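# let's see this in three dimensions:
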Amino acid sequence: MNSEKKSSLGDVLVIGFAMFAMFFGAGNLIFPPYLGMVGGDQWFTGFLTFVIADGGLAVLTVLAMIRKDGSIWCVIDRIGDLPAKILASVAILTVGPMLCIPRTCATTFEMGIL
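Here you go, the predicted model:
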């Protein structure tokens, strides 16, 4: 019996839009033109390093997770159970309450009130 499930068009669309939403944020819309403006003649070097650091590292992380069982734990469990839990907690807290929420509030304040 074949245990592999065929992907439907709906599955592909949902996963595609989820990946797009995960990787493409407001910073990826605002930062590249600013980078090009301040980069001047070296705009291509700035663009290339931005693509490698932003999209490249994210895609490599997803590919590493896909290669194993599809979870982040298979990637960070190698450092031990407790350090992996601490690393995951720090990453989640850094991205959520310590970075995204204040950034969203500051952007809303700056664009809407100022």
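# for the spatially closest residue to residue 77 that is not a sequence neighbour, what are its contacts?
Setting aside the residues directly before and after it, residue 77 is nearest to residue 84 in space (Cβ to Cβ, 6 or more residues apart in numbering), at 5.2 Å. Heads up, the C-betas are built off the backbone N, CA and C, glycines and all. Remark: with contacts taken as Cβ atoms under 8 Å, 6 or more residues apart in numbering, residue 84 is in contact with 73, 76, 77, 78.
# got the buried residues for the strand or helix carrying residue 84?
Take DSSP states H and E as the rule and residue 84 turns out to sit in helix 81-95. With burial defined by 16 or more other Cβ atoms under 10 Å, the residues of helix 81-95 counted as buried are residue 84.
# and if you look at stretch 14-23?
For stretch 14-23, using 16+ other Cβ under 10 Å, no residue counts as buried.
# ok, now stretch 30-44?
32, 39.
# please enumerate residues in contact with that stretch?
Applying Cβ under 8 Å, 6+ apart, the contact partners of stretch 30-44 are 45, 46, 47, 50.
# helix, strand, or coil at the last one?
Yep, that's residue 50 we're talking about. In the three-state summary, residue 50 is assigned as helix, counting by DSSP: H, G, I helix; E, B strand; the rest coil.
# gap between it and residue 28?
The spacing between residue 50 and residue 28, counted by Cβ to Cβ, to the nearest Å, is 9 Å.
# these two: who's more crowded?
Set side by side, residue 50 and residue 28 show unequal neighbour counts under other Cβ atoms under 10 Å, the larger going to residue 50 at 17 against 12.
# excluding sequence neighbours, find me the nearest residue to the spatially most central residue of the chain.
What sits nearest the mean C-alpha location of the chain, by Cα atoms, centre = their mean, is residue 23, with 4.4 Å. Across the structure, with Cβ to Cβ, 6+ apart as the measure, the residue nearest residue 23 apart from its sequence neighbours is residue 58 (5.3 Å).
# great, nothing more from me.
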